[in-house]
Structures are given as structure tokens and as C-alpha cells.
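Engineer: okay, here's the prediction I keep looking at, along with the sequence it came from:
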Amino acid sequence: MEPRPVRNSQVYMTELVLPNDTNQLGNLLGGRLMHWIDIAAAISAAKHSGSVCVTASVDELNFHDPIRLGEIVILQASVNRAFTTSMEVGVLVTAQNVRGGAPRRANNAYLTFVAIDEQGKPVPVPPVVPDGEEEARRFGEALQRRQHRLAHRKKE
């Protein structure tokens, strides 16, 4: 399989936080954000692999800053690294008040997706070719997270 650059898997998704998306404090529900993250990551994995992809795990989901009613949410997803049939997808979430203010990092997440065929069986995915220092850093860290995840599974 021909290796593919990270940029081929990049996804930008924009959402507006509406009243139905919030809790009693006017903050975006964590579950709603998780749903948006899962969608952005699934699209990224599908773009990279050319296959339908299913969520295998969510390694990390960090809530850095609350997202408020009426704010714009931008989700940036891309495949950090591909393994045999799985891929790690990183998602960066920024939020911005529509009345002004700089975008701020609100959340980030790492998810693992598996590419599948029509029978639901895993299929091979192309390798990722990082371009530049930032992509190379994420590429290396993805292997470390995978090794940690696999070691954790052995303990279960």
C-alpha cells in the first residue's frame, strides 16, 4: 500500500452550541462533544483508509476549558499514525465566542479506529507519512500510546 500524508486525512468540522447541547450551567454537554469528536475522527480515518471505520477505543479525552452556549466549536482531526488495520486519530477542539475573542483550546482527544470490509472484518490500512516536526512528534507519540494501550489490555 502506498503511504499517505497526514494532510489527506485532515477534517475540519464546525458546530454552534445551541440550547439543546448544554447542561443547566449553559456549558456544552460532555456527551455531545464526545459525539462530535467521534464523527470528526471517523471521517478522518475513512479518508485515510478509503474504508468504513469503526471506533475501537478512546484513549484520552481532556476537558481543558468549558464551552458555552452560543460559542463556535471547531474540531480538527487527522490520522497521527496507522498500524496494520488500525489508526490513531487526534482531535483538537477549539472554541470561540461569536462576539469576538480569540479561539481557545478547549479539548483534545485520541481515538483508535479500525478499517473494516463489507463483512465487518478488519482490512489493512496504508501507512502514514508525517511531514514536519509537529506531525513527526504526533507520529512518535502515537506509537507510545499504542504500546501503553496494548500493555494495559494484557493486564485485564
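Structural biologist: Alright, I've got the coordinates.
Engineer: ok, the most centrally placed residue in the chain - contacts?
Structural biologist: What sits nearest the mean C-alpha location of the chain, by C-alpha atoms, centre = their mean, is V91, with 3.4 Å. V91 sits next to I37, A40, A41, L75, Q76, A77, N107, N108, A109, Y110, L111 when contact means C-beta atoms under 8 Å, 6 or more residues apart in numbering. For the C-beta atoms, the positions are set from N, CA and C on the backbone; glycine is no exception.
Engineer: kindly report the same for H48.
Structural biologist: R4, N8, S9, V79, A82, M87, V125, P126, V128.
Engineer: just give me the neighbour total for the last one.
Structural biologist: V128 has 25 neighbours, counted by other C-beta atoms under 10 Å.
Engineer: which secondary structure elements does the longest helix along the chain sit against?
Structural biologist: Longest helix of the chain, by residue count under DSSP state H: helix 133-155. Here helix 133-155 touches strand 52-63, strand 72-82, strand 86-96, strand 104-116, going by 3 or more C-beta pairs under 8 Å, 6 or more residues apart in numbering; DSSP states H and E.
Engineer: reformat these as CSV; add distance to G31 and mean pLDDT.
Structural biologist: Formatted as CSV, these follow (distance: least, C-beta to C-beta, whole Å; pLDDT from 0 to 100):
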stretch, distance to G31, mean pLDDT
strand 52-63, 11, 90
strand 72-82, 14, 98
strand 86-96, 14, 97
strand 104-116, 13, 96
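Engineer: got those strands as JSON lines, with distance to P19 columns?
Structural biologist: Shown next, in JSON lines, are the helices and strands packed on helix 133-155 (distance: least, C-beta to C-beta, whole Å):
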{"stretch": "strand 52-63", "distance to P19": "20"}
{"stretch": "strand 72-82", "distance to P19": "15"}
{"stretch": "strand 86-96", "distance to P19": "16"}
{"stretch": "strand 104-116", "distance to P19": "19"}
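Engineer: can you confirm H48 is in a strand?
Structural biologist: No: counting by DSSP: H, G, I helix; E, B strand; the rest coil, H48 is not part of a strand but helix.
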